[in-house]
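In: Predicted model follows, preceded by the sequence.
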Amino acid sequence: MSRHGEISTVVFGDKPLTLEQICDVAQGRARATLNTAPEYRARLEASRASLERQLAAGRVIYGVTTGVGESCETAVPPDLTDQLAMNLFRFHGCGTGAALGTEEAAAVVAARIASLACGHSGVRPLVIDRLVVLLEKKILPRIPAEGSVGASGDLTPLSYVAAVLAGEREVTFAGEVMPAARALERCGLEPLTLRPKEALALMNGTSMMTGLACLAFRRAQKLSRLAAALSAVASEVMRGNPSHFDARLFAVKPHPGSAMCATWIRDDLEYGPGAAAVAGARVQDRYSIRCAPHVIGVLLDALSMFRPILETEVNSVNDNPIIDAERDEVLHGGNFYGGHVAFAMDGLKTAVANVADLLDRQLALLCSPTTSHGLPANLVALEGGSQVAHHGFKAMQITASALTAEALKLTMPASAFSRSTESHNQDKVSMGSIAARDCLRVLELTETVAIVELLALCQAVDLRGVESCKRRSRELHAAIRTLAPRNDGDRRMDVDIDAVLASFRRGDLPVGADDRG
């Protein structure tokens, strides 16, 4: 979306796409369109025409003239190839678990368009155009989250995309769950009869894991800046030593992410050359304050490392077989293998979970007078005799610890759990979609830990005196107090967590500028 709020346009099939463009399409900030240049359309037509010529010549083409998977040695006669194309998505209608959210489903469709738009999958342009229309009309397939081993791609989840094009299964449309055929009819669209190779091209790729990975990447970016802001406020309200973030420290251990995080914290603390020392500060703060740039810096550097991996996947031909239209050849290979995405998601979720652990430790320091530089136990704001009957943020800390433990538990690498399946044809698989789903869950948990700490930090700002705090602390405090009041006595705080978390996810909290561009 532009600065003025207009919806931008993402052109598929024009030039390589960024992760942000996939997210913008999925999250409604941009509309998708397919390149209309005649030479590009001719290239798409050439891919399909080449496939048709090879079929007419009697060549053996996996999944078209043969069965699929271990059945690749089974010949399929020409009069059954159309039936096979439709049956491919039908027999994969066995996904389980909760359906992906609409934003996630849109990201999956966008990632599949990006791959097919490369022009080597042998599908008619009509098929790609129809996927674009699904996004435009917000006819989003109901995709069960479970059932993919990540090679041959995300077969079962993506079968729900193929099925919708054919008017089968269910979609979310106009705020309702309804049969796909009804939603297509309401939009004046005829169901497609998928031709040979088309269902396979739609299904045999990495687009579920890749679409989810794009969303995870963007969420991790936002989280990293929030975590830096919280670390700065935590340092301030606990009378920490701001010299821990001096630029000279990071010049001699120049990991870019750590240096950037230290810059953010330094700016939030308004620390620079000649800054006055904080009265009573320890010579060295405990690690969860002093080492915050080093922990958050790992996440920042992981994002930098994983961006090219994920953008390569977004812009790749990741199905099988591949059509070389220039030579009229079909290439059989394993581009559907999601190992790169799996590795990136396993790595990213570990870096994110470490941030949850960091923030949880900061919260523990905050709730103890021994480590908070004299703030009341559990940040209880009441004074006098009734103080002993109130508990402040005691239970909030327990909640944060529980969420952190769950996030840390999920760091077990999904990619290490390959299982041989499908008659030992798919005998080494990536588990990329599981890794991506784990990463999104770890992000959800870590965001919530961050918001619990933010509420506690605002309570500490109240106790220290808002007027004495730096600008970042004051701005965050002001934003939170429009959503959640100070805790002046024991009460439920789940509603506070929900309100502030929703505000953060909308991008409404003043966490500071992100200098990554």
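Out: In hand now; what should we look at?
In: Identify each buried residue in stretch 479-499, please.
Out: 479-480, 483-484, 486-487, 493, 496-497, 499 (16 or more other Cβ atoms under 10 Å). All C-beta atoms are positioned from the backbone trio N, CA, C, and that covers glycine.
In: oh sorry, the question was meant for stretch 356-368
Out: For stretch 356-368, a neighbour-count test (16+ other Cβ under 10 Å) marks 356-367 as buried.
In: chain center to that stretch, what's the gap?
Out: Relative to its chain's centre, stretch 356-368 lies at 25 Å (Cα atoms, centre = their mean, to the nearest Å).
In: I'd like to know the phi and psi angles of Lys145, please.
Out: Heads up, residue 145 is Ala, not Lys. phi -70, psi -30 (degrees, to the nearest 10).
In: In helices, which of the buried residues of stretch 356-368 fall?
Out: Taking DSSP state H as the definition of helices, these contribute 356-366.
In: Strands along the chain, start to end?
Out: Counting by DSSP state E, the chain has strands at residues 8-12, 30-34, 96-99, 140-141, 144-146, 170-173, 176-179, 322-324, 329-331.
In: Buried deepest among those strands, which one?
Out: strand 140-141 (a mean of 26; mean count of other Cβ atoms under 10 Å).
In: Give the closest residue to Leu501 in space, chain neighbours not counted.
Out: What sits nearest to Leu501 in space, not counting adjacent residues and going by Cβ to Cβ, 6 or more residues apart in numbering, is Ile451, at 4.7 Å.
In: Would you check that the one you found makes contact with Ala502?
Out: No. Look at Ile451 against Ala502 with Cβ atoms under 8 Å: they stay out of range, at 9.5 Å.
In: Pick out whichever of these two has more residues nearby.
Out: Remark: of Ile451 and Ala502, Ile451 carries more neighbours, 27 against 12, as counted by other Cβ atoms under 10 Å.
In: Same list (the strands of the chain) but as TSV, adding distance to Ala259.
Out: Below are those laid out as TSV (distance: least, Cβ to Cβ, whole Å):
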stretch	distance to Ala259
strand 8-12	32
strand 30-34	32
strand 96-99	40
strand 140-141	41
strand 144-146	38
strand 170-173	43
strand 176-179	48
strand 322-324	42
strand 329-331	44
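In: Save those as TSV, and put in distance to Ser115 and mean pLDDT too.
Out: Compiled in TSV, these are given as follows (distance: least, Cβ to Cβ, whole Å; pLDDT from 0 to 100):
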stretch	distance to Ser115	mean pLDDT
strand 8-12	10	97
strand 30-34	13	98
strand 96-99	22	98
strand 140-141	16	98
strand 144-146	20	98
strand 170-173	21	98
strand 176-179	27	98
strand 322-324	11	96
strand 329-331	15	96
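In: ok, and the closest non-adjacent residue to Met312?
Out: Residue 312: Thr, not Met. Take Thr312 and drop its neighbours on the chain: the residue closest to it by Cβ to Cβ, 6+ apart is His340, 7.3 Å away.
In: Could you measure from Leu165 over to Gly122?
Out: Using Cβ to Cβ, to the nearest Å, Leu165 is found at 16 Å from Gly122.
In: what do you get for Pro144?
Out: As defined by Cβ to Cβ, Pro144 lies at a distance of 27 Å from Gly122.
In: Over to Ala275?
Out: In terms of Cβ to Cβ, Ala275 sits 64 Å off from Gly122.
In: More neighbours: these two, which one.
Out: Gly122 (29 against 13).
In: Would you confirm that the more buried one contacts Ser47?
Out: Yes. With contact defined as Cβ under 8 Å, Gly122 counts as touching Ser47 (5.3 Å).
In: Mutual contacts of the two, please.
Out: Taking Cβ atoms under 8 Å, 6 or more residues apart in numbering as the contact rule, the neighbours common to Gly122 and Ser47 are Ile323.
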